[in-house]
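J.: Coordinates for the following, if possible.
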Amino acid sequence: MQRLLYNLVAVVCAVVGSPGIAAADDWHGWRGPTQDGHSHETGLPERWTAENVVWTRDLPGLGQSSPVVTGEKIVLTAALDEGRERVVICLDRHDGSILWQETAWTGEPEPTHPMNGWASATCATDGERVYAFFGRGGGLVCYSLEGEKLWQNDLGALESPWGTAACPRLVGDLVVQNCDADSDASIVAFHKVTGEEVWRTPRPANRGWSSPIVIEANVAGGSARRTEVVVNSHTGVRAYDPSTGEELWNCRSFNGRGTPTVAPAGGLLHVVNGLSGDTYAIIPGGSGDVTETHMAWHTERGGRDLPSPIIVDGVVLVSSLRSAVITGYDAESGKELWKTRVGDQISASPVAWGGLAYFVKESGVTIAVDPQSGEVVSESTVDPAATEVFRASITPAYGRVLLRSDSVLYCIGG
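T.: Residues are numbered from 1 along each chain as shown. Prediction:
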C-alpha cells in the first residue's frame, strides 16, 4: 500500500498554513506560521557559540513552552512553586526585559511527569491577544498583549498522571484546544474574543499531548474544498470541521500514544506516535474511517517518546528520544534513507531553515542535520549551566534565534 495513493495527492488535497495576520518574521504559535516547523527567513545563524548570545534572561519558575513572537514582544509561560502558580510572561524582543508577568492560576498542582511539568504548552497569538493553556491548573486563558486578562475557561479535571501539553490553535475567529485525558476527553472551540464556547466534541478517553493543525483540503471524490482541524491521538489521527466540531475522518494508528503533532508537507499529513510502531502518511479530505483508503504509505520504525517530525526537501526526519537516533524517510514512499546516532536525548521538536533541520539536545547543544545524507554538519552551544534542561523548540524570528531552557531564555544573533 506504500505508493497506492500518493499519485492522487496533487488532485486530492492541498495543505496550507493557519489563517491569520502576522508580520513575515513573526512566530505566532506552535511550529511556526506554516505549522510545520519551517522558517523561511534569510540571514538566520547556521551555527553559534556563547559569543553570539545577544542577551539572556533568567525566567521565573520552570517551563518548557516555546517562545512565540509578535512584533516587538515575546510571550511564554512558566510554573512557580512546583506548579502551585502558573504565569504568562511577556518580554521585549530587543533586550529580553520583562514587560509584564501575570498569574493565570494558583492552587494545589495536579500530577505530572518529570519530563513534562506544568507549563509545557506553547502559547498562540493573533497579534492582538495571547492564549495560554495550563491544563487542570488554569485551563485556557486569554490576555491582551498589554497583560490584561480578557477571559479564562476551566476545562475540567483532565485526568492524567503525566499532565497536559497540547497547544491552542487559532482558526478564523476560534481558538481550538485539544483536551485529551484518561476520562471526559474532548476537543473544544471558543470564540477568540469573548471566550464563549462554540462547540465541544468528545474524543476517545486516552491521555495525549498532541496539538491541532489547520489545513485546507479538497474533498475526496469532488472539487469542493474545506478547512479541517487535524489532531493526533492514542488511537489515530482525527479531523474535525472547525465550524461545528463534527468529526470528518479518522485514520487508525499502529501503536498509540499520540504525543507528536501531525506535520503537513507535500499534500500529505506525516504522523508518528509516542510508542514504537509504523510512521505513516495520510491524504486528508476523506470521510469516516480512511485507514484503508487514504493512508499513502506506512513504514516500520523503532524507538519511542518521539518529537514531531519535520519534512525538508522531500525527506521526513524523525528523532527518537530514548535511542538518541534520527532517521530519514522518503516523503513520497516512506522508504528509510538513513539513520544517524546523535548521542544525547532530544525532546524538542525540530525546526528548519536554510535547507537544514535543527535539533536541540536536552543538554542545550543544537545540531544541524543535512536532510539528504543525515550528516550532522554543525554543533552549536550557548554554554548553559549544567542544571538547565532544553525541551522547548527553537523559535527563529527577526534574524535571531530564541532558545529556551527550563529556566533561561537565550537570544542568539548571527
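
J.: Now do the buried residues in stretch 332-346.
T.: Neighbour counts using 16 or more other Cβ atoms under 10 Å place 332, 334, 336-338, 340, 342, 345-346 of stretch 332-346 among the buried residues. For glycine as for every other residue, the C-beta is placed from the backbone atoms N, C-alpha and C.

J.: brain fart, stretch 100-115
T.: 100-101, 104-105, 109-110, 112, 115.

J.: residues contacting the closest residue to Trp249 other than its chain neighbours?
T.: Nearest residue to Trp249, sequence neighbours excluded (Cβ to Cβ, 6 or more residues apart in numbering): Gly286, at 4.3 Å. With contact set as Cβ atoms under 8 Å, 6 or more residues apart in numbering, Gly286 has these partners: 220, 248-249, 293-294.

J.: Gly286 and Asp25, how far apart?
T.: For Gly286, the distance to Asp25 (Cβ to Cβ, to the nearest Å) stands at 36 Å.

J.: what about the strands in the stretch 1-150 of the chain?
T.: Secondary structure of the stretch 1-150 of the chain by DSSP state E, counting those that start in this stretch: the strands cover 53-58, 68-70, 73-80, 85-92, 98-106, 124-125, 129-133, 140-144, 149-153.

J.: Report the strands that pair with the shortest one, each with its relative direction.
T.: Just to be clear, that refers to strand 124-125. Using DSSP bridges, the strands paired with strand 124-125 in its sheet are strand 129-133 (antiparallel).

J.: what's the angle between the partner strand and strand 98-106?
T.: 40 degrees (axes from the mean of the first three to the mean of the last three Cα atoms, to 10 degrees).

J.: ok, and what's touching strand 129-133?
T.: 65, 68, 70, 75, 77, 88, 90, 104, 121, 123-125, 138-145, 150, 164, 166-168, 170, 175, 177, 192-193.

J.: which of those residues count as buried?
T.: Buried among the contacts of strand 129-133 by 16+ other Cβ under 10 Å: 65, 68, 70, 75, 77, 88, 90, 104, 121, 123-125, 138-143, 145, 150, 164, 166-168, 170, 175, 177, 192.

J.: re the thing from before, how about the strands of the stretch 1-150 of the chain, which one is nearest Pro260?
T.: Proximity to Pro260 (Cβ to Cβ) singles out strand 129-133 among those, at 17.3 Å.

J.: can you state the direction angle for that closest one and strand 140-144?
T.: Using the same axes, to 10 degrees: strand 129-133 against strand 140-144 is 160 degrees.

J.: Trp101 and Gly83: what is the separation?
T.: Careful, residue 101 is Gln and not Trp. For Gln101, the distance to Gly83 equals 17 Å [Cβ to Cβ].

J.: now swap in Val130 and tell me
T.: 21 Å.

J.: Ok, Pro212 next?
T.: In terms of Cβ to Cβ, Pro212 sits 25 Å off from Gly83.

J.: Same check on Pro33?
T.: Per Cβ to Cβ, Pro33 is found 31 Å from Gly83.

J.: Also Gly32?
T.: 28 Å.

J.: out of the two, which sits in the more crowded spot?
T.: Gly32 (27 against 23; other Cβ atoms under 10 Å).

J.: Quick check: phi and psi on the more buried one?
T.: phi 80, psi -170 (degrees, to the nearest 10).

J.: OK, contacts around it?
T.: Contacts of Gly32 by Cβ under 8 Å, 6+ apart are 38-39, 351, 395-396.

J.: from the residues you listed, which would you call buried?
T.: Among those, those scoring as buried are 38-39, 351, 395-396 (criterion: 16+ other Cβ under 10 Å).

J.: what's the span of stretch 352-363 from first residue to last?
T.: One end of stretch 352-363 to the other measures 20 Å (Cα to Cα, to the nearest Å).

J.: Tell me the strands beside whichever helix or strand Val318 is part of, with direction?
T.: Using DSSP states H and E, Val318 maps to strand 315-320. Its sheet considered, strand 315-320 pairs with strand 310-312 (antiparallel), strand 325-330 (antiparallel) by DSSP bridges.

J.: Quick check: the farthest pair among the buried ones among the contacts of Gly32?
T.: Greatest spatial distance among the buried ones among the contacts of Gly32 (Cβ to Cβ): His38 and Thr395, at 12.6 Å.

J.: can you list residues touching both of the two?
T.: Common contacts of His38 and Thr395 (Cβ under 8 Å, 6+ apart): 32, 351.

J.: how about the nearest residue to Gly208, chain neighbours excluded?
T.: Closest to Gly208 by Cβ to Cβ, 6+ apart is Asp180, at 3.2 Å.
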